[in-house]
Structures are given as structure tokens and as C-alpha cells.
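# Show me the folded form of this:
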Amino acid sequence: MEDFTQIRIKQLKMEDFTQIRIKQLKEDYENCGFPRTNSEYTVEEQMLPMRDGRRMKTVIYRPVGSERYPVLLRRTCYPSDKGLIQVDAENCALRGYAFVYQFCRGTGGSEGEWFPNINERDDGIDTVNWICEQPWCEAVGCWGASYTALTGWAFADAAKGKVSSMFLVHYGTDRFASAYHKGLFHHDILTSWSMQNAGRPVDADYISSCRYLPHIEVDEALWGGKLSWYRDYISNEYPEDAYWQQGWWKQLREIPSKVEIPLYILSGWYDHHHESTMKTWSRLRRETRKMSWLEIGGWNHGLQPVLQDKKVENIENVEAVKALTWFELTLKKKQVPEQKIRYYVPGKDCWMEADSWEKIPRQNQTLYLDADHQSLCQDVSGLPTSTCGYTYDPDDPVPTNGGDCTLASWLKTGSLLQEKPGWREDVVSFLSEPLEKERIINGQIEVELWVRTDRENTAFFASIDEMTPEGNSYHIRTSGTTIRHELPRGERYVPGTPVKVTLDMSDICYALPAGSRIRIDVTSSDFPQYHAHSNQPGDWAEAKENVIAHQTILTGKDYPSCVKIPCQKT
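So this is what the prediction gives:
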């Protein structure tokens, strides 16, 4: 296993990342443990008509030597991934599968207008119906990651009787969870993706785009014209907004509760869709969960290990092996799987299993912030009220380093080495005493802060890190919130008033060895993982200028700012 830093440097400098990925994928198949069963395959291309007459470019790989075979379907909007898809198609065909891949409408030679998300349900259903009618089709499975997993989720509730199983990687059906967290927009997910998939070339600088004010006009100002679906994202910052509660996003969110086929759901602790994926798993029918797999690894969106200075010898991050294992069971052997929940433990380099994610034995450890000593303690009853403060300037935000919800900033994703405590004047660090014994964090960490500010609206962030006995800190989780989204909708905050804010973090499993310390950093920005809050009231995307905010953290028995850490019982 190469040194983490050297791998990242190589990735950063390589001129053709796709070719490196293709080479690695070929090696994965050579070492996958599933031998070739066929020596030849045929390739056919069709323009497959959909119900509205538009034709989708569809490529069919079929093994030679059999009359009928299980079929794997992948629908994609990424023409640049063609080389990678062909490697999957060739190797699956040589192992007894037909492999059908299709470009979503308006991409890769398919007809129609590219408009993300909304056409994938009907086009997916039409494509599956066509496959099922072919004399060479024995059974159908869907395999996709990220947007190509969305194309499977889009019709998963309509798949019974036609699709035997799905292997869906790094995507959840709660789109709001991937777009916002308490009024903070995920630039690094949706702004970057929208720029890359606008349906036209966008040459604007990414960071300049994220900083543009008012952000509602960034498309016309920098991207060459209005992008209506991006404006929809940035104009609806509440989960109860009609945009999220009606139409396609409501339908997609409700699909898991109607699925009746086995699913293999693969996520990563540092994948930007992880929170949405966990919500999706929880919404599956009980009967569906009983025949489905949930697996969570220590990797990013590309299944790359992102656990700096930690052993990853047992990371098990080869997607092709997982796919072949699943489809061997569900398509070739035609078996109904038994529920399996597996999760990787960073810091222990091992996997654990559970009967139910919700029922894993956990116990909260509460540590209280002490502003006087910038420490964490177990008892708040004797702590007098104390405060500490900092100035937050949106024009100089704290840069993301160790992202949970990052895509464009992929080199900053994961459990990375952090700066020293209090490394900036607008970062306040709190440290615990060394742990007497190992603890395994497992679940959703929550930070409660008592704060005040001199603005009507602002943001607060908290990150939790592991500090080793040597003094090195490694990221575990981050979350943020805004004053506006801590109050009932429409209620205005009175500047200078103490208020409690809650920063809830997405699920994580992480082993803290004895002798390590828990570190909490409090600040007001994490850019570009989230938008840099302007400190202005009103809708964030409408703000025309940034203003400075003066922030205060309150601690003590009257203002019990704390962190609640769910620890797995062993």
C-alpha cells in the first residue's frame, strides 16, 4: 500500500485520470475471483425509441455461446465515462452476462434535450421493458453509481417482475439532504456538478462562481445563460418548500418505501451522498430490507480510501468484485439474499456487522465546552458562565480541509491531517483529556452551542477531530447551521440575544484509541463545502454583499454548550 500523501500527489498531477482508472479497472477484473466463462462477445448499437419517440443511444454486449443470459443495465449521462463502461461491459460479457448501457437523453448521442433527473423514470422503464422482450434476456439487474445509480432508483418501485435486483452505489433519494443542511448550500456538490453538466461548456472559475453575489444571477453572469434547474436548487432552502414536496423530488424520496426487489446499497463515510443514502435505507420497506444489503466503507465518492496515516489493508473497495458477487447470487443463482449490514471502522481497519443500523447498541458520551480553558469536560454543574469570541469575515472563509460533503474539492475529502488547534483567529478549539480506553464512535454526533451574534443572521460550524498523543489531529465529522434555520420560519433573531443552535452530523463509525483526545473546532465557515454565509438576513442566494459578524460562544451551567458522541457498546 503506497503512502497516502504520495497517492494524492500522483492523482493531482496526472494528465489523464480516466486512463489510470481504466487500467486499474482492468486489473480489478483480472483479480476479481470470478473466472471467464465465455471467450467471445458481440457488440451492437441501437437508437432505442422511448414512449415520446425520442431515441436513446444504446449499446448491447452479448456473450457468444449461449441463447439466453442475465442482463446488466446501466444508464449514464457521462459520455466521458465511455471507456470505463466498456471495460465493465467487456468483462461482464466474458463472464456470462449481457451488458446494456445507454446514454441519457440529450447526452452521448441520445436524442432529446438534456434536463437532469426528470426523464430518467420513464426512459428507464421503457428501456427495461424493451430488454425484457428480447429473446436473449433471462433476467435483468441494474448497476450504477452516483447519477447512474439515480437512473436505477428512478424506477426501482416499478421494477418488480422485470428487474431481479439492483446494485446502487453512492446515491440516496433524498435530494434535499444532498443540497442543504440547515440553510447552508452544498456548493461542492451541486454548484460544481451543475457547472460540469450544464448542457453547454462552462469555463468560469469554480471558486469565483461560488463567491458570486447575488448568487441567483451567477448562471447569467458567468455561465453563459440562465440555468433554470440550478436556480431551483438555490431558491428553495427549506425542506418544506413546494419544490421539494411536490413533483419529481417528492416522488423520488418516496420510492424506497415502495420498492419490492433486493437492493445492494453501497455508501462511504466520506461520500457526499452518504446522509441521503442513510435516509434512503431507513425508508425501505421492512420486507425489502430483509433481502437487501447495506455496506459503508472508509472511502470517498470514487471508492478511494481517504483515511490519512491510517491502515487500510482491509478496505475492500473494489466495486467490480462487489457487483459480480451480488449478481452471481441474485441473477445467476436466482437466490433471494438475506439482509446484511456491514460497515468499515476507520482506525481499526476492520469490518463490523449489524442486524439493524438503528438498533446497534450505543451510549451517548456528553462533553461540555469550557470557554475559559478552551477544554472539554464531563461535568457542567460547577462551571461558571464564560465566553470566547471571534470575528467572521465571509470574504475570508475557513477553507475546507477534510470534507464530508465534497465533490469538486476531492483532494480535501476525508479524515485528513488538520492544522494546529486555533490555527486562525476565527477558529476556536476545545480539547478533552486523553481517553483512558478505546472508544468507537458509531452514529450521529451532535453539537449544541449557546451563541450570540451582532447580526440578524449568520452561520456556525463545528468539527470533531481525533488528536493523537503526538499532537496530530485528524478530521472525523463537520456540520453547520444558520441562526435563521434554528428559529421557527418567519421569526427574526434579535442581535445580541443568546440562542442555542444544534449542529447534527451525519452517521460515522470511527475508532478513537486510548491516549487520544477529542477536539472540537467552532467557526462560522467551511468553504467551499458549504456556501460562505453573507451574514445577511433573507434568502442566501439573494444577498448582494457580505458583511462582517462578531460571534460569541457561551459555556457553563447556564449555557451548557456540549458535544454528544454516540459510542458503540462492546
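
# Please make it C-alpha for all contacts and neighbour counts, starting now.
Fine.

# And residue 394, how far from residue 499?
21 Å (C-alpha to C-alpha, to the nearest Å).

# now residue 549
Note on residue 549: its distance to residue 499, by C-alpha to C-alpha, is 16 Å.

# Which of those two has more residues huddled nearby?
Between residue 549 and residue 499, counted using other C-alpha atoms under 10 Å, residue 549 has the larger neighbour count: 22 against 18.

# neighbours around the residue nearest to the more buried one when sequence neighbours are not counted, how many?
Excluding the flanking residues, the one nearest residue 549 by C-alpha to C-alpha, 6 or more residues apart in numbering is residue 392, at 5.2 Å. Neighbours of residue 392 under the rule other C-alpha under 10 Å: 26.

# Spit out the contact partners of residue 392.
426, 523-524, 548-551 (C-alpha atoms under 8 Å, 6 or more residues apart in numbering).

# what's the neighbour count on residue 60?
By other C-alpha under 10 Å, the residues close to residue 60 number 20.

# For the one helix or strand it maps to, list the C-alpha coordinates in PDB.
Under the criterion of DSSP states H and E, residue 60 resides in strand 55-63. Below are the C-alpha coordinates for strand 55-63, written out as PDB (Å, rounded to 0.1, in the frame of the first residue of the first chain):
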ATOM      1  CA  ARG A  55     -34.300   7.700 -29.400                       C
ATOM      2  CA  MET A  56     -31.600   6.800 -26.900                       C
ATOM      3  CA  LYS A  57     -28.200   5.600 -28.000                       C
ATOM      4  CA  THR A  58     -28.000   2.100 -26.600                       C
ATOM      5  CA  VAL A  59     -25.100  -0.400 -26.800                       C
ATOM      6  CA  ILE A  60     -25.500  -4.100 -26.200                       C
ATOM      7  CA  TYR A  61     -22.700  -6.500 -25.400                       C
ATOM      8  CA  ARG A  62     -23.700 -10.200 -25.600                       C
ATOM      9  CA  PRO A  63     -21.600 -13.300 -24.800                       C
END
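
# which strands and helices sit next to it?
Judged by 3 or more C-alpha pairs under 8 Å, 6 or more residues apart in numbering; DSSP states H and E, strand 55-63 is in contact with strand 41-49, helix 82-93, strand 98-103.

# List the neighbours of the helix or strand following it that are in contact with it.
Moving toward the C-terminus from strand 55-63, the next helix or strand (DSSP H and E) is strand 69-76. The contact list for strand 69-76 (C-alpha under 8 Å, 6+ apart) reads 96-104, 124, 136-144, 147-148, 151-152, 331-332.

# tilt between whatever helix or strand residue 326 lives in and helix 82-93?
Following DSSP H and E, one finds residue 326 within helix 319-327. Using axes from the mean of the first three to the mean of the last three C-alpha atoms, to 10 degrees, the direction of helix 319-327 lies 40 degrees away from that of helix 82-93.

# helices or strands up against helix 319-327?
helix 17-30, strand 165-169.

# any chance of those in JSON lines, plus distance to residue 186?
Below are the helices and strands packed on helix 319-327 laid out as JSON lines (distance: least, C-alpha to C-alpha, whole Å):
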{"stretch": "helix 17-30", "distance to residue 186": "25"}
{"stretch": "strand 165-169", "distance to residue 186": "20"}
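
# Same list, the ones you listed, but as TSV with distance to residue 528 and mean neighbour count please.
Shown next, in TSV, are the helices and strands packed on helix 319-327 (distance: least, C-alpha to C-alpha, whole Å; neighbours: other C-alpha atoms under 10 Å):
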stretch	distance to residue 528	mean neighbour count
helix 17-30	23	15
strand 165-169	24	27
